[in-house]
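>>> pasting a predicted model and its sequence here:
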2 protein chains.
Amino acid sequence: MAATIRDVARLAGVSPSTVSRALSLPAMVNAATRARVAAAVEQLGYEPNRAARGLITGRTGTIGLVVPDLANPFFASLTKGVQARARHHDVAVFVADTDEDPAAEAGLVRALSKQVDGVVLCSPRAGDEELAAIAQDTTVVLVNRSAAGIPGIAYDNEDGMRQAVAHLVALGHRRIAWVGGPATSWSTQHRGLGLRNAVESLRAELAPVGNFAPTYEGGMAAADQVVATGATAVVAYNDLVAIGLLARLHSRGISVPGDLSVVGVDDIAMSRMARPALTTVRLPKQEAGRIAVELLLAMLDDPDGPGAAARHRQLHGELHGELIVRDSTGPAPQK
Amino acid sequence: MAATIRDVARLAGVSPSTVSRALSLPAMVNAATRARVAAAVEQLGYEPNRAARGLITGRTGTIGLVVPDLANPFFASLTKGVQARARHHDVAVFVADTDEDPAAEAGLVRALSKQVDGVVLCSPRAGDEELAAIAQDTTVVLVNRSAAGIPGIAYDNEDGMRQAVAHLVALGHRRIAWVGGPATSWSTQHRGLGLRNAVESLRAELAPVGNFAPTYEGGMAAADQVVATGATAVVAYNDLVAIGLLARLHSRGISVPGDLSVVGVDDIAMSRMARPALTTVRLPKQEAGRIAVELLLAMLDDPDGPGAAARHRQLHGELHGELIVRDSTGPAPQK
DNA sequence: ACACAAGCTGCAACCGATTGCAATGGTAGG
DNA sequence: CCTACCATTGCAATCGGTTGCAGCTTGTGT
């Protein structure tokens, strides 16, 4: 069996309390004693049991992360960001994948909440009330959306869409199609809004083609409707959808960007491997994960502290996308 | 704060012991009492704290999963499989990403081992002795490789490679290039071995071009060397590498499969989106994750039990790949 | 030589659960 | 009516840590 604090204490010839202090409050224990404890720890390969500590201190050194789908590269990157930052703070991460099932979320968070200090929640679909209920009895940071009263990190979707539209308009496009993601998704709503504002101020025209699954298949399914709109450019909900569009357009013999320019959102690794390489609005995914962890830990250290509100405002909506121009966008075809 | 067993007990007018039993040994408590407890649990939204239970029972209901890189779709799928199966057993999963750093593994597993009942370890690079040391004091299941004495799930790489070579030979290819992954990787070694056996028995010829990073970039880097071998077909370490090859070959104007046929391994989602769609050996990734969890839980229930050895043998090396033929392979060019 | 403070260390209580054992009350058999 | 037994429940110890408090050494000032 693994060594306990008592084993270390015995070997070092001190009491368990001293071992505990030698590890967490080194200043409080004599240098010689500390050295003996350190040697014993080393010899036994002792690691304190975080769960036990958590019972006393209320801090387990563990946070939870809930994402809709780990196989989606966007969330995989986010997860990496969370992991990296958490490790940096010596915090462990529970990852739960809801399988795109918003109903499962609340239950998962509840189950998690007992074993973690706080949760980073990536819940594009859940309703605001649901989120509020969850945040009631668990420290939560929201990623990739915002909801009243709950601290979180969101992208500035409006700004990202403005960049995309400006790029397309500069290339001569006037009629721009929009392939939305799931209707209930926060990002879909905000990107749609951003697009409407952008086309309006830039004297272009938006042709929404409805809502599709945020996947390659969703893009394949949307392609023909996009073509039917007569638009010369299309903005897709995300890169996966954009790549689905590329595939279907290719098989229909429609040239990208010759006949139709395509823009995605996210900048997943796959996007630069697509043919043609995808123009997209890069969202700093790992960055979002990192910041979410910082925010969560700050909240835990200082709940409702004086800095809390400021921190919230400072971090909230701070993340901007960056347009990455590749080969899937070009001048509008001459009519 | 979240409710504890004492809160429930107070509300139901019973002792904590009774609550505990009502939840885990219902037959032992009176139906009326059980109902009162259930009502209290419901009202308070009580969930037992697994960590505390773990201190007593030695079973926390939590397992760990260590993977080299979550952003790699192969491991993302594996993770999903693990998650799904774990949830089915009402077990929580700690996920740790080592960032392709084999040195970090041992430390991570050690840190994890205190908080989990067992670990699913995906460690393509670590040495056998290292693994043995880890397995010494933690219940471990290995995925995607095998090592003496440690139970695990591995793919039958030899068989997969045989299928790939048979396919290529049937198409008339005689000289087949092989782009290996990291030299120390267990999969690289076994796939290389499988290829050598296969070409020998099928009267073809193998042209290994060395070891590359298991990434898109690795494939790009390998492409020119592949061309230089004069082979008419190439088997890549994995799909990411194969897709990198496709990109570089395309930009050099080499036609796939006209001039060169390309085969990958894994069948990640990206592969059918590649152009041309990639022929590959599909590995059942989620399945591997699921089986790993089953095996781990079985080991925990019955350590060194009579069934252990049999279970090990039965599950070990059980997983076979399946050749998925798409558009990146075709008849060998007529000389 | 004495009082006092400071520096270390150990004792014991506690966190949230589980479980062996003992106590309770009720019931059935003699 | 008494006794034995059973079903049900509570008590108290336990898991691996943490921490307030008290006690023991020292060293210092006088």
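Alright, I've got the coordinates.

>>> show me what the closest residue to residue A:183 other than its chain neighbours bridges to in the sheet.
Of all residues beyond its chain neighbours, the one nearest residue A:183 is residue A:211 (4.4 Å), with distances taken as CB to CB, 6 or more residues apart in numbering or on different chains. Heads up, the C-betas are built off the backbone N, CA and C, glycines and all. According to DSSP bridges, the residues that bridge with residue A:211 are residue A:180.

>>> and residue A:200, that one's in a strand?
No: with DSSP: H, G, I helix; E, B strand; the rest coil as the criterion, residue A:200 is helix rather than part of a strand.

>>> and for it, the neighbour number?
For residue A:200, the neighbour count with other CB atoms under 10 Å in any protein chain shown is 12.

>>> same check, this time on the one 4 residues further on
Residue A:204 has 19 neighbouring residues, counting by other CB under 10 Å.

>>> that one contacts residue A:173, correct?
Yes: look at residue A:204 against residue A:173 with CB atoms under 8 Å: they come within range, at 6.9 Å.

>>> if we can go back for a sec, enumerate every residue touching the residue nearest to residue A:183.
Applying CB atoms under 8 Å, 6 or more residues apart in numbering or on different chains, we find residue A:211 in contact with A:180, A:181, A:182, A:183, A:188.

>>> now the third one: how far from residue A:223?
In this view, residue A:182 and residue A:223 are 18 Å apart by CB to CB, to the nearest Å.

>>> low-scoring pLDDT stretches of chain A, where are they?
The model of chain A has pLDDT under 70 over residues A:1, A:303-318, A:335.

>>> which residue ranges form the strands in chain A?
Under the criterion DSSP state E, strands of chain A are mapped to A:62-67, A:92-97, A:118-121, A:140-143, A:152-153, A:175-180, A:205-211, A:233-236, A:261-266, A:279-282, A:322-324.

>>> which positions in the stretch 201-335 of chain A make contact with chain B?
Taking CB under 8 Å from any CB of the partner chain as the criterion, the stretch 201-335 of chain A approaches chain B at residues A:216, A:243, A:244, A:247, A:250, A:269, A:270, A:273, A:274, A:275.

>>> can you report how many residues lie near the residue nearest to residue A:293 when sequence neighbours are not counted?
Spatial nearest neighbour of residue A:293, chain neighbours left out: residue A:85 (4.0 Å); criterion: CB to CB, 6+ apart. Residues lying near residue A:85 (other CB under 10 Å) number 22.

>>> correct me if wrong: residue A:85 contacts residue A:295.
No: counting by CB under 8 Å, residue A:85 sits too far from residue A:295 to count as a contact (10.3 Å).

>>> how about the residues of chain A near DNA strand D?
For chain A, the contact set with DNA strand D under CB under 7 Å from any atom of the strand comprises A:1, A:4-6, A:16-17, A:20-21, A:23-24, A:46-49, A:52-53, A:55-57.

>>> how about stretch A:135-155: buried residues?
Across stretch A:135-155, burial judged by 16 or more other CB atoms under 10 Å in any protein chain shown covers A:135, A:138-147, A:150-155.

>>> which one of residue A:182 and residue A:223 is surrounded by more residues?
residue A:223 (27 against 20).

>>> ok, that one - contacts?
A:244, A:245, A:248, A:249, A:252.

>>> among these, which one sits closest to chain B?
residue A:244 (7.8 Å; CB to the nearest CB).

>>> can you name the residue of chain A nearest chain B?
Closest point on chain A to chain B, by CB to the nearest CB, is residue A:51, at 3.2 Å.

>>> contacting residues for that residue?
Neighbours of residue A:51 in contact, by CB under 8 Å, 6+ apart: A:60, A:115, B:51, B:52, B:54, B:55, B:60, B:114, B:115.

>>> among these, which are located in helices?
Here DSSP state H is the test, and the contacts of residue A:51 give B:51, B:52, B:54, B:55 as lying in helices.

>>> out of those residues, which end up buried?
Buried by 16+ other CB under 10 Å: B:51, B:52, B:54, out of the ones in helices among the contacts of residue A:51.

>>> can you pull out the helices in the stretch 151-300 of chain A?
Secondary structure of the stretch 151-300 of chain A (DSSP state H, counting those that start in this stretch): helices at A:157-170, A:186-201, A:216-229, A:239-251, A:285-301.

>>> need the residues that contact the fourth one.
Spelled out, that is helix A:239-251. With CB under 8 Å, 6+ apart as the test, helix A:239-251 has contacts from A:72-73, A:179, A:181, A:212, A:214-224, A:226-227, A:234, A:236, A:255-256, A:260, A:262-268, A:270-271, A:274-276, A:278, A:280, A:328, B:273, B:275.

>>> near DNA strand C, from the residues you listed?
Among the contacts of helix A:239-251, not one lies near DNA strand C by CB under 7 Å from any atom of the strand.
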